[in-house]
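In: sequence first, then the predicted structure:
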Amino acid sequence: MSASPQFLVLGVNVTAADWDGSPTTLAWHESAAMPQTVDGSMIVAWLNIAEQNNDGTLAMSSAAGQPEFHDAPAGTTVPSAIARNWKGQNLKLTNVSGNNTTPISVQAYGPGLPGTTPALLKARAEPLSMAPGSTAKGLAPPRLTQLIMQADSGDLAIVALLGGPPDSSGNNAFIFGINFADPKPDNYTSVTTGNTATFSFRWTTRIFVVNLSPSNSEPVQVSLLPL
(Lines give C-alpha, C1' and ligand atoms only; values in the text may rest on other atoms or scores of the structure.)
Protein backbone atom coordinates (compact mmCIF):
# COMPACT_ATOMS: atom_id res chain seq x y z
CA MET A 1 0.00 0.00 0.00
CA SER A 2 1.46 3.37 -0.99
CA ALA A 3 1.87 6.03 1.66
CA SER A 4 0.02 9.31 1.45
CA PRO A 5 2.17 11.95 -0.28
CA GLN A 6 3.77 14.54 1.96
CA PHE A 7 3.41 18.20 1.05
CA LEU A 8 4.80 21.43 2.41
CA VAL A 9 1.59 23.43 1.88
CA LEU A 10 -1.31 21.15 1.00
CA GLY A 11 -3.21 20.16 4.12
CA VAL A 12 -0.50 21.46 6.47
CA ASN A 13 -2.09 24.59 7.99
CA VAL A 14 -5.48 23.02 8.79
CA THR A 15 -7.72 25.65 10.35
CA ALA A 16 -10.89 23.52 10.12
CA ALA A 17 -9.77 20.02 11.08
CA ASP A 18 -13.29 18.63 11.43
CA TRP A 19 -14.91 20.49 8.57
CA ASP A 20 -18.51 19.39 8.20
CA GLY A 21 -19.26 21.33 5.03
CA SER A 22 -20.42 24.51 6.76
CA PRO A 23 -19.46 27.82 5.08
CA THR A 24 -15.78 28.43 5.83
CA THR A 25 -13.29 31.02 4.62
CA LEU A 26 -9.76 29.84 3.86
CA ALA A 27 -6.98 32.41 3.97
CA TRP A 28 -3.81 31.92 1.92
CA HIS A 29 -2.38 28.40 2.46
CA GLU A 30 -5.08 27.51 4.97
CA SER A 31 -6.89 24.17 4.68
CA ALA A 32 -10.19 22.60 5.65
CA ALA A 33 -10.26 18.86 6.24
CA MET A 34 -13.34 16.64 6.22
CA PRO A 35 -12.17 13.44 7.96
CA GLN A 36 -14.86 11.34 6.30
CA THR A 37 -17.08 12.36 3.42
CA VAL A 38 -20.59 11.03 3.04
CA ASP A 39 -20.88 7.72 1.17
CA GLY A 40 -22.79 9.39 -1.63
CA SER A 41 -22.65 12.44 -3.85
CA MET A 42 -22.21 15.91 -2.47
CA ILE A 43 -21.44 19.27 -4.00
CA VAL A 44 -18.42 21.35 -3.04
CA ALA A 45 -18.64 25.03 -3.96
CA TRP A 46 -16.02 27.76 -3.66
CA LEU A 47 -15.84 31.49 -4.26
CA ASN A 48 -12.90 33.88 -4.44
CA ILE A 49 -13.82 36.74 -2.10
CA ALA A 50 -10.67 38.85 -2.52
CA GLU A 51 -11.24 42.60 -2.61
CA GLN A 52 -8.47 42.98 -5.19
CA ASN A 53 -8.52 41.56 -8.72
CA ASN A 54 -6.60 38.44 -7.65
CA ASP A 55 -7.13 35.13 -9.38
CA GLY A 56 -7.27 32.24 -6.92
CA THR A 57 -6.58 28.51 -6.86
CA LEU A 58 -8.16 25.84 -4.67
CA ALA A 59 -6.40 22.50 -4.24
CA MET A 60 -8.60 19.48 -3.57
CA SER A 61 -7.24 16.13 -2.40
CA SER A 62 -8.76 12.93 -1.10
CA ALA A 63 -7.18 9.83 0.44
CA ALA A 64 -3.80 9.09 -1.21
CA GLY A 65 -4.82 10.47 -4.60
CA GLN A 66 -3.01 13.24 -6.38
CA PRO A 67 -4.37 16.74 -5.67
CA GLU A 68 -6.56 18.55 -8.17
CA PHE A 69 -6.19 22.28 -8.73
CA HIS A 70 -9.31 24.33 -9.47
CA ASP A 71 -9.52 27.95 -10.56
CA ALA A 72 -11.20 30.48 -8.28
CA PRO A 73 -11.78 33.41 -10.66
CA ALA A 74 -11.33 36.96 -9.47
CA GLY A 75 -14.28 39.27 -8.97
CA THR A 76 -17.03 36.79 -9.81
CA THR A 77 -20.25 36.40 -7.84
CA VAL A 78 -20.80 32.90 -9.25
CA PRO A 79 -19.51 30.08 -7.04
CA SER A 80 -17.54 27.36 -8.78
CA ALA A 81 -18.83 23.89 -7.99
CA ILE A 82 -18.02 20.23 -8.44
CA ALA A 83 -20.36 17.30 -7.78
CA ARG A 84 -18.83 13.97 -6.88
CA ASN A 85 -19.00 10.89 -4.70
CA TRP A 86 -15.83 10.74 -2.62
CA LYS A 87 -17.03 7.35 -1.27
CA GLY A 88 -16.45 8.08 2.40
CA GLN A 89 -12.80 9.06 1.93
CA ASN A 90 -11.36 12.15 3.56
CA LEU A 91 -11.33 15.45 1.70
CA LYS A 92 -8.92 18.35 2.06
CA LEU A 93 -9.28 21.80 0.52
CA THR A 94 -6.31 24.18 0.51
CA ASN A 95 -6.10 27.76 -0.69
CA VAL A 96 -2.98 27.83 -2.90
CA SER A 97 -3.62 31.15 -4.60
CA GLY A 98 -0.60 33.02 -5.92
CA ASN A 99 -1.41 36.20 -4.02
CA ASN A 100 -1.54 35.99 -0.23
CA THR A 101 -4.52 38.38 0.01
CA THR A 102 -6.92 36.01 -1.79
CA PRO A 103 -9.37 34.39 0.66
CA ILE A 104 -11.62 31.66 -0.71
CA SER A 105 -15.00 30.76 0.76
CA VAL A 106 -15.89 27.04 0.64
CA GLN A 107 -19.07 25.11 1.41
CA ALA A 108 -20.37 21.56 0.86
CA TYR A 109 -24.00 20.79 0.02
CA GLY A 110 -25.90 17.56 0.39
CA PRO A 111 -28.62 15.83 2.39
CA GLY A 112 -27.88 16.05 6.10
CA LEU A 113 -24.99 18.48 5.78
CA PRO A 114 -25.19 21.66 7.88
CA GLY A 115 -25.06 25.18 6.51
CA THR A 116 -28.61 25.46 5.17
CA THR A 117 -32.13 24.50 6.23
CA PRO A 118 -33.79 22.83 3.23
CA ALA A 119 -37.31 23.85 2.27
CA LEU A 120 -39.81 21.15 1.31
CA LEU A 121 -40.20 20.56 -2.42
CA LYS A 122 -43.52 18.85 -3.13
CA ALA A 123 -44.76 17.32 -6.35
CA ARG A 124 -47.95 18.77 -7.86
CA ALA A 125 -47.46 21.92 -5.76
CA GLU A 126 -46.90 25.55 -6.66
CA PRO A 127 -43.31 26.33 -7.73
CA LEU A 128 -40.91 26.80 -4.85
CA SER A 129 -39.05 30.13 -4.90
CA MET A 130 -35.38 29.42 -4.13
CA ALA A 131 -33.00 32.29 -3.40
CA PRO A 132 -29.27 31.94 -4.15
CA GLY A 133 -27.62 29.64 -1.63
CA SER A 134 -30.87 28.00 -0.54
CA THR A 135 -31.67 24.28 -0.63
CA ALA A 136 -34.76 22.09 -0.85
CA LYS A 137 -35.55 18.43 -0.31
CA GLY A 138 -38.40 16.15 -1.25
CA LEU A 139 -39.47 12.73 -2.45
CA ALA A 140 -39.44 11.81 -6.11
CA PRO A 141 -42.91 10.60 -7.20
CA PRO A 142 -42.83 6.92 -8.21
CA ARG A 143 -43.47 7.75 -11.87
CA LEU A 144 -41.95 9.73 -14.70
CA THR A 145 -41.39 13.23 -13.32
CA GLN A 146 -40.00 16.50 -14.59
CA LEU A 147 -37.94 18.94 -12.56
CA ILE A 148 -38.67 22.43 -13.89
CA MET A 149 -36.26 25.30 -13.15
CA GLN A 150 -37.31 28.80 -14.21
CA ALA A 151 -35.38 32.07 -14.05
CA ASP A 152 -37.76 34.49 -15.74
CA SER A 153 -35.73 37.51 -14.60
CA GLY A 154 -33.10 36.71 -17.21
CA ASP A 155 -30.46 36.46 -14.49
CA LEU A 156 -27.89 33.71 -14.67
CA ALA A 157 -29.07 30.74 -12.59
CA ILE A 158 -27.24 27.57 -11.58
CA VAL A 159 -29.18 24.73 -9.99
CA ALA A 160 -27.86 21.40 -8.74
CA LEU A 161 -29.85 18.22 -8.13
CA LEU A 162 -28.85 15.19 -6.07
CA GLY A 163 -30.94 12.05 -6.36
CA GLY A 164 -31.63 8.90 -8.27
CA PRO A 165 -29.45 5.82 -8.76
CA PRO A 166 -25.70 6.41 -8.92
CA ASP A 167 -23.71 5.98 -12.12
CA SER A 168 -20.66 3.73 -12.48
CA SER A 169 -18.54 6.20 -10.50
CA GLY A 170 -21.07 6.38 -7.66
CA ASN A 171 -22.18 9.88 -8.59
CA ASN A 172 -25.85 10.89 -8.71
CA ALA A 173 -25.56 14.67 -8.87
CA PHE A 174 -26.47 16.96 -11.75
CA ILE A 175 -25.74 20.67 -12.41
CA PHE A 176 -27.79 22.88 -14.73
CA GLY A 177 -27.14 26.37 -16.09
CA ILE A 178 -30.04 28.69 -17.05
CA ASN A 179 -29.69 31.96 -18.98
CA PHE A 180 -26.20 30.61 -19.56
CA ALA A 181 -24.25 32.34 -22.32
CA ASP A 182 -20.96 30.48 -22.13
CA PRO A 183 -20.14 26.96 -23.39
CA LYS A 184 -21.18 24.14 -21.08
CA PRO A 185 -18.54 23.41 -18.42
CA ASP A 186 -17.41 19.79 -18.34
CA ASN A 187 -18.98 19.11 -14.96
CA TYR A 188 -22.42 20.48 -15.91
CA THR A 189 -25.22 18.21 -17.06
CA SER A 190 -26.71 20.81 -19.40
CA VAL A 191 -26.96 24.55 -19.95
CA THR A 192 -29.46 26.67 -21.84
CA THR A 193 -29.54 30.26 -23.06
CA GLY A 194 -33.27 30.30 -22.29
CA ASN A 195 -34.94 31.02 -18.97
CA THR A 196 -36.23 27.48 -18.34
CA ALA A 197 -34.47 24.15 -17.90
CA THR A 198 -36.11 20.76 -17.43
CA PHE A 199 -34.85 17.36 -16.37
CA SER A 200 -36.98 14.22 -16.56
CA PHE A 201 -36.45 11.14 -14.41
CA ARG A 202 -38.16 8.08 -12.98
CA TRP A 203 -36.79 7.55 -9.50
CA THR A 204 -37.99 6.25 -6.16
CA THR A 205 -35.53 8.21 -4.04
CA ARG A 206 -35.21 11.36 -2.02
CA ILE A 207 -34.06 14.40 -3.95
CA PHE A 208 -32.05 17.44 -2.88
CA VAL A 209 -31.86 20.73 -4.80
CA VAL A 210 -29.35 23.59 -4.40
CA ASN A 211 -29.46 27.07 -5.91
CA LEU A 212 -25.84 27.93 -6.74
CA SER A 213 -26.69 31.12 -8.61
CA PRO A 214 -24.77 34.39 -8.11
CA SER A 215 -25.61 36.06 -4.81
CA ASN A 216 -27.30 38.99 -6.56
CA SER A 217 -29.51 36.88 -8.86
CA GLU A 218 -33.28 36.79 -8.47
CA PRO A 219 -34.77 33.58 -7.02
CA VAL A 220 -35.28 30.53 -9.21
CA GLN A 221 -38.72 28.91 -9.35
CA VAL A 222 -38.42 25.14 -8.96
CA SER A 223 -41.24 22.63 -9.31
CA LEU A 224 -41.84 18.89 -9.64
CA LEU A 225 -44.34 17.86 -12.30
CA PRO A 226 -45.39 14.18 -12.48
CA LEU A 227 -45.90 13.29 -16.17
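Out: Here it is on my side, so go on. Residues are numbered from 1 along each chain as shown.

In: tell me the contacts of the residue nearest to the spatial centre of the chain?
Out: The centroid of the chain falls nearest to residue 43 when counting by Cα atoms, centre = their mean (3.4 Å). Neighbouring residues of residue 43 by Cβ atoms under 8 Å, 6 or more residues apart in numbering: 81, 82, 83, 108, 109, 110, 160, 162, 173, 175, 210, 212. For the C-beta atoms, the positions are set from N, CA and C on the backbone; glycine is no exception.

In: ok, the nearest residue to it once chain neighbours are set aside - how many residues close by?
Out: Nearest residue to residue 43 in three dimensions, chain neighbours excluded: residue 109, at 4.3 Å (Cβ to Cβ, 6 or more residues apart in numbering). Residues lying near residue 109 (other Cβ atoms under 10 Å) number 25.

In: what stretches of this protein score poorly on pLDDT?
Out: Along the chain, segments meeting pLDDT under 70 span 1-8, 11.

In: can I see the domain layout of it?
Out: Split into domains by automatic domain parsing, the chain comes to 13-109, 119-226.

In: next, the distance between the ends of the longest one.
Out: From its first residue to its last, domain 119-226 covers 19 Å (Cα to Cα, to the nearest Å).

In: likewise stretch 208-224?
Out: With Cα to Cα applied, stretch 208-224 spans 12 Å between its terminal residues.

In: now do stretch 146-161
Out: First-to-last distance for stretch 146-161 - Cα to Cα - comes to 12 Å.

In: how about stretch 187-199?
Out: 16 Å.

In: now that stretch: buried residues?
Out: Neighbour counts over stretch 187-199 (16 or more other Cβ atoms under 10 Å) mark 188, 191, 192, 195, 197 as buried.

In: and these as JSON lines, adding secondary structure?
Out: As requested, the buried residues of stretch 187-199 are exported to JSON lines (DSSP: H, G, I helix; E, B strand; the rest coil):
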{"residue": "188", "secondary structure": "coil"}
{"residue": "191", "secondary structure": "strand"}
{"residue": "192", "secondary structure": "coil"}
{"residue": "195", "secondary structure": "coil"}
{"residue": "197", "secondary structure": "strand"}
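
In: want to throw those residues into CSV with distance to residue 154?
Out: Formatted as CSV, those follow (distance: Cβ to Cβ, whole Å):
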residue, distance to residue 154
188, 19
191, 15
192, 13
195, 6
197, 14
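
In: now stretch 150-162: how far from the chain's centre is it?
Out: Offset of stretch 150-162 from its chain centre (Cα atoms, centre = their mean, to the nearest Å): 14 Å.
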